[in-house]
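# The amino acid sequence is not available; the structure is as follows:
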């Protein structure tokens, strides 16, 4: 059980420390010594481990023993990491968390094999739980939602991938804010929903409490993605490990700030911004100008407010959950997601 004087950063550190060995052992088991180096590369690169924290804190807040949820917490972190492996292949991403991505370091073949291995390890971990049938069902359904979110995210890109006939045929030149929210609730919120629900399931909570945690995870995930959109455009590279203007470089219309900014731009600025977004390789000068135009629309401040609103909605979902240290840390986590810098 959590100590009363434990703050959120310390709690996240403690949970990560508990989850790490479970991750490493589960990945290494049944893998050759040679392959273990490949398998461990993504998890050794770091990460915030927020999803395992949501799961374990949800378990304790729902009246359960978080230690009993360790395997499920490790499983959800592995789901997250293997989707990142696939995401980096799809996006041709070469760096993540300040180190080369798995495909870049070890090649496409080993990256794909590692992703398959991760998926099977997830099942192995969840089978150790007395709630394995329910947990596996949750993970399976949310992975399918996540895949649909990734599909939409790719289709929202404004140029590129012309060698892929499906994307060329189905590309979305126009994207509404509702389309964006639908995409991010699938791509990003899915694992937060799954994490919170799985924690409550491991606690043996009733369906109304499980549903409350699902709503918490859903809104937390949207808030998290909006802030990610902000950081992908205007974050400090030294903190995020990402290029300033990353989503413009990657032609992504599925970014809240870009969508809202385009609504506020006048004709000339809007035409220029779209030309940069749809340019196969924009110059640094044009990228800087596009970012300046976007910033002047006030979308940075708007993004923080939108993220805060979703964070507040996430917190409101837990009003049916009795007060506890774990619940208060979940509420703190909802605030942290809004005001983080990486």
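That came through fine. Worth saying up front: this structure is predicted, and the values here are computed from it rather than measured.
# Please report the number of neighbouring residues for the nearest residue to residue 60 once chain neighbours are set aside.
Excluding the flanking residues, the one nearest residue 60 by C-beta to C-beta, 6 or more residues apart in numbering is residue 326, at 3.7 Å. Placement of C-beta: from N, CA and C, glycine included. A count of neighbours around residue 326, defined by other C-beta atoms under 10 Å, yields 24.
# The strand or helix carrying residue 326 packs against which elements?
Applying DSSP states H and E as the criterion places residue 326 in helix 325-339. Judged by 3 or more C-beta pairs under 8 Å, 6 or more residues apart in numbering; DSSP states H and E, the packing partners of helix 325-339 are helix 8-28, helix 50-61, helix 207-234, helix 299-316.
# For residue 136, what is the enclosing helix or strand?
Counting by DSSP H and E, residue 136 is part of helix 132-155.
# which secondary element of the chain has the worst mean pLDDT?
helix 237-240 (a mean of 82; mean pLDDT, DSSP states H and E).
# Give me the packing partners of the very next helix or strand once past that one, helices and strands only.
Using DSSP H and E, the helix or strand that follows helix 237-240 in sequence is helix 246-249. Counting contacts by 3+ C-beta pairs under 8 Å, 6+ apart, helix 246-249 packs against helix 207-234, helix 284-296.
# Buried deepest among these, which one?
Highest mean neighbour count among the helices and strands packed on helix 246-249 (mean count of other C-beta atoms under 10 Å): helix 207-234, with a mean of 23.
# Distance to residue 124 and mean pLDDT for the helices and strands packed on helix 246-249 - can I get that in JSON lines?
Shown next, in JSON lines, are those (distance: least, C-beta to C-beta, whole Å; pLDDT from 0 to 100):
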{"stretch": "helix 207-234", "distance to residue 124": "24", "mean pLDDT": "97"}
{"stretch": "helix 284-296", "distance to residue 124": "45", "mean pLDDT": "97"}
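# Output these in TSV; the columns should cover distance to residue 140.
Below are these laid out as TSV (distance: least, C-beta to C-beta, whole Å):
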stretch	distance to residue 140
helix 207-234	16
helix 284-296	39
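# Figure out which of those is closest to residue 256.
helix 207-234 (4.8 Å; C-beta to C-beta).
# what's the angle between the closest one and helix 284-296?
For helix 207-234 against helix 284-296, the angle by axes from the mean of the first three to the mean of the last three C-alpha atoms, to 10 degrees is 130 degrees.
# For the residue of the chain positioned farthest from its centre, give its distance to residue 274.
What lies farthest from the middle of the chain is residue 268; by C-alpha atoms, centre = their mean that is 34.5 Å. From residue 268 over to residue 274 the distance is 11 Å, taken as C-beta to C-beta, to the nearest Å.
# Please apply the same query to residue 11.
44 Å.
# How about residue 193?
33 Å.
# neighbour count winner among the two?
For residue 193 and residue 274, the more surrounded residue by other C-beta under 10 Å is residue 193, and the numbers stand at 25 against 17.
# where's that one, which helix or strand?
Element membership of residue 193, judged by DSSP H and E, is helix 189-202.
# angle of that helix against helix 207-234?
Using the same axes, to 10 degrees: helix 189-202 against helix 207-234 is 150 degrees.
# which ones are touching residue 203?
58-60, 62-65, 69 (C-beta atoms under 8 Å, 6 or more residues apart in numbering).
# Please apply the same query to residue 103.
85, 88-89, 110-111.
# if we go to 7 Å?
Shown in contact with residue 103 (C-beta atoms under 7 Å, 6 or more residues apart in numbering): 88-89, 111.
# Please determine how far it is located from residue 58.
From residue 103 to residue 58 the distance is 33 Å (C-beta to C-beta).
# same thing with residue 341?
25 Å.
# In terms of neighbours, single out the busier of the two.
Neighbours around residue 341 and residue 58, counted as other C-beta under 10 Å, are more numerous at residue 58. The numbers are 35 against 10.
# If you drop the residues flanking it in sequence, what lies closest to that one?
Closest to residue 58 by C-beta to C-beta, 6+ apart is residue 199, at 2.9 Å.
# So what does residue 172 have for phi and psi?
phi -100, psi 110 (degrees, to the nearest 10).
# mind listing what the nearest residue to residue 54 once chain neighbours are set aside touches?
Once flanking residues are discounted, residue 54 sits nearest to residue 195: 4.2 Å by C-beta to C-beta, 6+ apart. Counting by C-beta under 7 Å, 6+ apart, residue 195 touches 51, 54-55, 58, 76, 217.
# before we move on, back to that, how about JSON lines for the helices and strands packed on helix 325-339, with distance to residue 144 added?
JSON lines is the format used below for the helices and strands packed on helix 325-339 (distance: least, C-beta to C-beta, whole Å):
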{"stretch": "helix 8-28", "distance to residue 144": "23"}
{"stretch": "helix 50-61", "distance to residue 144": "17"}
{"stretch": "helix 207-234", "distance to residue 144": "16"}
{"stretch": "helix 299-316", "distance to residue 144": "23"}
